[in-house]
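Starting from these lines, generate the structure:
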Amino acid sequence: IEGLATNNPQDPNLNKMLDYAYNIFVNGITRDEYINEIGTPDAKSVMWSDSIEQPATYKSTISNSLYVTAGSRLAKLIKFRYGENNPKYNYPKVLNDTKLVADGYFLGCFEQIESNGLLMDGITTKGLSKSTPQSGDVIKYIFTYNQGAVLPGMAILTQLTGKAKYLDFAKNLIQASYDT
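The predicted structure follows:
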């Protein structure tokens, strides 16, 4: 959507695609059953399941990375195309929900999910619930895609919020990837 908005802002399908993306983000993914503190106390993060028939029992780094990157791109598109106070697209909600996961999973849980400055695969939540405020077990695999997928989201959050903590996180992750 971002590319289409930049390259062909008059495309009649742009608003349809934005409506679809916004609806999925706000009314689909960003619900307590998917974004919560289960397994990551005091830190909002995205639940992941490999099946629609089974409850989510995992918080994967890639799911959280894609959420932060997609959310920040959506917030940026809303802000610069429609403004921060557009009644149809709730920019503050999209930005805030994105920051909750960036601040929660990446900044808040980093010491739990990192190894030598690199992001590990994720955190299991099996057997945990909202009433059991404890950390889940970390899956200690390191995959290259986990290191890069969150970088655009952190850069955009820096642009939208003016807060250096997101860019600092990205720079440190890049440095750790280079050093390893």
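
Return the distance of Pro12 relative to Asn86.
Distance, Pro12 to Asn86, by Cβ to Cβ, to the nearest Å: 19 Å. For glycine as for every other residue, the C-beta is placed from the backbone atoms N, C-alpha and C.

Geometric centre of the protein: which residue is closest?
Val68 (2.3 Å; Cα atoms, centre = their mean).

more neighbours, Pro12 and Asn86?
Per other Cβ atoms under 10 Å, whichever of Pro12 and Asn86 has more neighbours is Asn86, with 12 against 7.

Name the nearest residue to that one, sequence neighbours excluded.
Leaving out its chain neighbours, the residue that sits closest to Asn86 by Cβ to Cβ, 6 or more residues apart in numbering is Ile78, at 6.7 Å.

now the helix of greatest length in the chain: mean pLDDT?
Longest helix in the chain, counting residues (DSSP state H): helix 61-82. The average pLDDT within helix 61-82 is 93.

returning to that earlier point: counting neighbours, what do you get for the residue nearest to Asn86?
Residues lying near Ile78 (other Cβ under 10 Å) number 23.

Over to the one 4 residues further on?
The tally of other residues near Tyr82 (other Cβ under 10 Å) stands at 15.

That one: what's it in contact with?
Contact analysis of Tyr82 by Cβ atoms under 8 Å, 6 or more residues apart in numbering lists Lys88, Tyr89, Tyr91.

mind running it again at 6 Å?
Tyr82 makes contacts with Tyr89, as judged by Cβ atoms under 6 Å, 6 or more residues apart in numbering.

Also Asn116?
By Cβ under 6 Å, 6+ apart, the neighbours of Asn116 are Thr180.

Use 45 as the first number for this chain going forward.
Noted, 45 is the first residue going forward, which turns the last one into Asn160.

any idea how far Tyr189 is from it?
Distance, Asn160 to Tyr189, using Cβ to Cβ: 17 Å.

just Asp141 next, same as before
In terms of Cβ to Cβ, Asp141 sits 23 Å off from Tyr189.

likewise Met198?
Distance, Met198 to Tyr189, by Cβ to Cβ: 15 Å.

ditto for Leu172
From Leu172 to Tyr189 the distance is 26 Å (Cβ to Cβ).

Same check on Gly197?
To Tyr189, Gly197 is 14 Å away according to Cβ to Cβ.

With Tyr78 instead?
For Tyr78, the distance to Tyr189 (Cβ to Cβ) stands at 21 Å.

how about the nearest residue to the residue nearest to the centre of the chain, chain neighbours excluded?
What sits nearest to Val112 in space, not counting adjacent residues and going by Cβ to Cβ, 6+ apart, is Gly197, at 3.7 Å.
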